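Chemist: With the sequence up front, the predicted model follows.
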Amino acid sequence: MIFLTVGTQFPFDRLVRAVDDFFDAYELDDEVFAQIGSSTYTPRHFEAVGVLDKEAFDRRFRQANAIIGHAGMGTITLALDCGKPLLAMPRRKKYGEVVNDHQVALADEFEALGHILVAHSASELAAKLTRLKVFTPQPRAASPDAVADRISWFVRSIDPG
Amino acid sequence: MNQTSMKICLAGSAGGHLSQLLKIASAWSGYEVCWITTTEVVRASLGEQGNVHVVGECNRQHPVRVLRVFLRCLRILRRERPDVVISTGAAPGCMAAILGHLAGAKVIWLDSITNVNRLSLSGRLVRPFADLFLVQWPALARKYRGVEYVGAVI
């Protein structure tokens, strides 16, 4: 199963439609199940629900062979934490999908580092969707402890006590 | 806790900003803290320690809300009197940091990882007042003077 999740706060019809249109021309071994939030587009090729509760969402996420989603930090970190291949489409301001284009640069940078696949358009999505199943995400080597230590050191340096 | 022990105000908007702030929780272990965040939903994730103040969401598109959040931050900082403000953004964290600086607190800013090519607007506003300014991409530290990169939290 491929889990399509677009977040629940804002609609993202462009992505839901792009995945649906893909199946007009192609087939995949995997079925798609979608959480489309407040998106209004009704897909013809797969089952879609509005909002899953947290438990059902986590179950779908863990069961999935791959994830398709927006390029939000929440979706990206969850996919990396679970080791799931993610195909992400950045939300764009010009389509009214988000208030600014911060998802674009982040997505491109994470794709360049091998963490995720990125599709900026429906045609790119179709091209990369066939690669998603064989994509092995590069695990992220974050260093929160180094950041915490730097801050802790600074705090202690100004502590008069 | 002795009399000279400092209080740290932790400011982060619900969602990505707050989750990045929580990744570095060991930075303030042993200190008294208070929190400024934007929605009630995340209150439970902040644990038992310290007061949690919910100021509501705001951004540039809603000036009235910005003013309301600003006044709430002002009131909170006057009551809590933190010695240090640590924030990952966004707008409410920016206000808490600048107001904290004006009240004599030290300001630590960690710009969100979503800012890859340039600092966030909040970060750019806070930068002149920050005592420690961290970014999560090495290229940003090379681009801006006085900005440090030691790693990414996620």
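Modeler: Received the coordinates, thanks.
Chemist: what's the burial count for residue A:129?
Modeler: 23 (other CB atoms under 10 Å in any protein chain shown). Placement of C-beta: from N, CA and C, glycine included.
Chemist: Can you classify it by secondary structure?
Modeler: Three-state assignment for residue A:129 (DSSP: H, G, I helix; E, B strand; the rest coil): helix.
Chemist: State the distance from the closest residue to it other than its chain neighbours to chain B.
Modeler: Spatial nearest neighbour of residue A:129, excluding adjacent residues (CB to CB, 6 or more residues apart in numbering or on different chains): residue A:22 at 5.8 Å. Computed with CB to the nearest CB, to the nearest Å, the distance linking residue A:22 and chain B is 28 Å.
Chemist: Work out for me the element residue A:22 sits within.
Modeler: Per DSSP states H and E: residue A:22 is located in helix A:13-25.
Chemist: in that helix, what counts as buried?
Modeler: A:13-16, A:18-23 (16 or more other CB atoms under 10 Å in any protein chain shown).
Chemist: All the helices of chain A, in order from the start?
Modeler: Shown for chain A, the helices assigned by DSSP state H span residues A:13-25, A:54-63, A:73-82, A:102-112, A:122-132, A:144-158.
Chemist: check whether the third one contacts chain B.
Modeler: Yes: Helix A:73-82 reaches chain B (CB under 8 Å from any CB of the partner chain) through A:73-74, A:77.
Chemist: Pick out whichever of those sits closest to chain B.
Modeler: residue A:73 (4.2 Å; CB to the nearest CB).
Chemist: mind listing what the nearest residue to that closest one once chain neighbours are set aside touches?
Modeler: Leaving out its chain neighbours, the residue that sits closest to residue A:73 by CB to CB, 6+ apart is residue B:16, at 4.2 Å. Contacts for residue B:16 (CB atoms under 8 Å, 6 or more residues apart in numbering or on different chains) come out as A:72-74, B:112, B:114.
Chemist: By mean pLDDT, point me to the weakest helix or strand of chain B.
Modeler: Taking mean pLDDT, DSSP states H and E as the measure, the helix or strand of chain B with the lowest value is helix B:16-22, at a mean of 92.
Chemist: if I look at residue B:8, how far off is chain A?
Modeler: Taking CB to the nearest CB, one finds residue B:8 at 7 Å from chain A.
Chemist: tell me how far the helix or strand containing that residue is from the chain's mean position?
Modeler: Element membership for residue B:8 (DSSP H and E) is strand B:7-12. Relative to its chain's centre, strand B:7-12 lies at 6 Å (CA atoms, centre = their mean, to the nearest Å).
Chemist: With stretch A:124-136 instead?
Modeler: That offset, for stretch A:124-136, works out to 13 Å (CA atoms, centre = their mean).
Chemist: For that stretch, buried residues please.
Modeler: Buried residues in stretch A:124-136, counting neighbours by 16+ other CB under 10 Å, are found at A:125-126, A:128-129, A:132, A:135.
Chemist: Which members of those are the farthest-apart pair?
Modeler: With CB to CB as the measure, no two of those lie farther apart than A:126 and A:135, at 15.0 Å.
Chemist: Now render the helices of chain A as CSV, adding distance to residue B:57 and mean pLDDT.
Modeler: Shown next, in CSV, are those (distance: least, CB to CB, whole Å; pLDDT from 0 to 100):
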stretch, distance to residue B:57, mean pLDDT
helix A:13-25, 24, 97
helix A:54-63, 21, 93
helix A:73-82, 16, 90
helix A:102-112, 16, 95
helix A:122-132, 31, 95
helix A:144-158, 25, 97
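Chemist: Switch these over to JSON lines, and while doing so, append distance to residue A:89 to every line.
Modeler: Compiled in JSON lines, the helices of chain A are given as follows (distance: least, CB to CB, whole Å):
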{"stretch": "helix A:13-25", "distance to residue A:89": "5"}
{"stretch": "helix A:54-63", "distance to residue A:89": "17"}
{"stretch": "helix A:73-82", "distance to residue A:89": "10"}
{"stretch": "helix A:102-112", "distance to residue A:89": "8"}
{"stretch": "helix A:122-132", "distance to residue A:89": "6"}
{"stretch": "helix A:144-158", "distance to residue A:89": "27"}
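Chemist: So for residue A:96, which of these sits nearest?
Modeler: Nearest to residue A:96, of all those, is helix A:13-25, at 10.0 Å by CB to CB.
Chemist: Which secondary structure elements does the closest one sit against?
Modeler: Here helix A:13-25 touches strand A:2-5, strand A:32-35, strand A:66-70, strand A:86-89, helix A:122-132, going by 3 or more CB pairs under 8 Å, 6 or more residues apart in numbering or on different chains; DSSP states H and E.
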